[in-house]
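Asker: Kindly generate the corresponding structure for this input.
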Amino acid sequence: MNWTLKYRPDQVKKLHLTETRKQLLKFLKDGFIPQVLLFAGPKGTGKTSSSRLVAAVLNEAKNKPLIQAVYFKKEKPKKPLVEPNQKDPLIQKILTGKSYVVQEIDAASYRGIDDVRELKNRAFTPPVEGLMNIFILDEVHMLTTPAFNALLKLLEEPPDHAVFILATTEPEKIPETVTSRCQVLRFRKASKAELVQALTQVAQAEKIKADKKALELLADLADGSFRDAIKYLELSVKDRQLDLEKVQTVLGSSLKDEAKLFLNLVINKNASGITNLFNNLREKQADEKVFHKAFVRLLYDYLTLEIKKPKTPR
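Answerer: This next block holds a predicted model:
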């Protein structure tokens with residue numbers, strides 16, 4: 001199993017993104033998770049992990065009396081919800097995406113009004129196991145306008161046994177009528193400190209001797225994405241060792257010079273030079289995404305320096 005899956009958080013308190021962790025822990029403390037949630041933020045910041053944790057909490061056996069009282073009898077919560085038991089077979093299936101309790105729908109592919117009507121039919125069907133069904137609509141901003149309109153009624157009056165999590169990287173494209181019916185959780189890019197902490201935990205679990213500067217470089221390259229950070233860590237480790245040189249060799253993280261060269265070649269309209277540069281990058285198996293980030297970071301640095309230059313008086 002790759003490490004991005006192996007080290008998904010299995011309890012709310014283990015989520016790496018500080019604000020998200022605090023908000024979900026507050027839901028647990030309050031004894032109630034809203035039935036319509038909007039998770040908005042960049043890829044790789046924990047939206048899917050958080051969604052599955054919501055499903056795990058709502059299907060945790062120890063929470064059954066509270067779930068039945070709050071969601072089915074509409075009573076006020078009288079105690080907190082507890083964290084899911086990772087050893088429970090149903091919870092394991094939920095966290096690994098293998099339970100019908102969690103139904104993940106790609107709204108970019110199933111985006112029409114007929115797809116939402118099908119969702120309605122599924123939503124009113126009681127769960128085949130556990131207590132609550134959780135429907136995750138990924139990239140929900142891709143729904144058509146008629147589909148959004150059809151979704152509104154379902155969000156206004158969800159079945160007692162259903163929770164809807166709308167996930168998106170582009171919240172500004174979601175109609176206000178839909179957003180207003182959701183409890184919104186904003187997922188931001190992870191900070192460097194949060195990424196280093198997550199990488200350190202994985203390295204310790206895998207018994208890797210990791211150089212701090214190497215972990216910091218991985219965090220920089222990941223650009224706020226936990227998923228990318230852990231993927232890069234797995235690629236860079238050799239013989240349970242991780243150092244700065246290994247990261248630079250494997251990921252081509254010293255691509256700043258190549259980025260500068262590319263910019264000069266573009267400015268000078270040197271097509272053959274650009275072709276040779278990309279051929280060289282392919283030969284050394286440089287990570288394409290890392291090169292893109294190095295180039296964008298270079299442009300940002302140049303623009304920042306230009307803005308900070310003192311203006312000459314006229």
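Asker: and the nearest residue to Gly46 once chain neighbours are set aside, how many residues sit next to it?
Answerer: Nearest non-adjacent residue to Gly46, counting by C-beta to C-beta, 6 or more residues apart in numbering: Leu17, 5.3 Å away. Bear in mind the C-beta positions are built from the backbone N, C-alpha and C, glycine included. Residues within reach of Leu17, counting by other C-beta atoms under 10 Å, total 27.
Asker: Do I have it right that Phe291 meets Asn280?
Answerer: No - with contact defined as C-beta atoms under 8 Å, Phe291 does not count as touching Asn280 (11.2 Å).
Asker: okay, those two: which has more neighbours?
Answerer: Set side by side, Phe291 and Asn280 show more neighbours around Phe291, with 20 against 12, by other C-beta under 10 Å.
Asker: At which residues are the strands of the stretch 101-250 of the chain located?
Answerer: Assigned by DSSP state E, counting those that start in this stretch, the strands in the stretch 101-250 of the chain fall at 102-106, 133-138, 162-168, 183-186, 209-210, 241-242.
Asker: Other residues contacting the helix or strand hosting Leu298?
Answerer: For Leu298, the host element (DSSP states H and E) is helix 288-308. If you take C-beta atoms under 8 Å, 6 or more residues apart in numbering as the criterion, helix 288-308 is touched by 221, 223, 228, 251-253, 255-256, 258-260, 262-263, 281.
Asker: how far out from the middle of the chain is it?
Answerer: Chain-centre distance of helix 288-308: 24 Å, with C-alpha atoms, centre = their mean, to the nearest Å.
Asker: I'd like to know how many residues surround Glu206.
Answerer: 16.
Asker: any idea how far it is from Ile230?
Answerer: 11 Å (C-beta to C-beta, to the nearest Å).
Asker: what is in contact with those two at once?
Answerer: Contact criterion C-beta under 8 Å, 6+ apart; residues bridging Glu206 and Ile230 by contacting each: Trp3.
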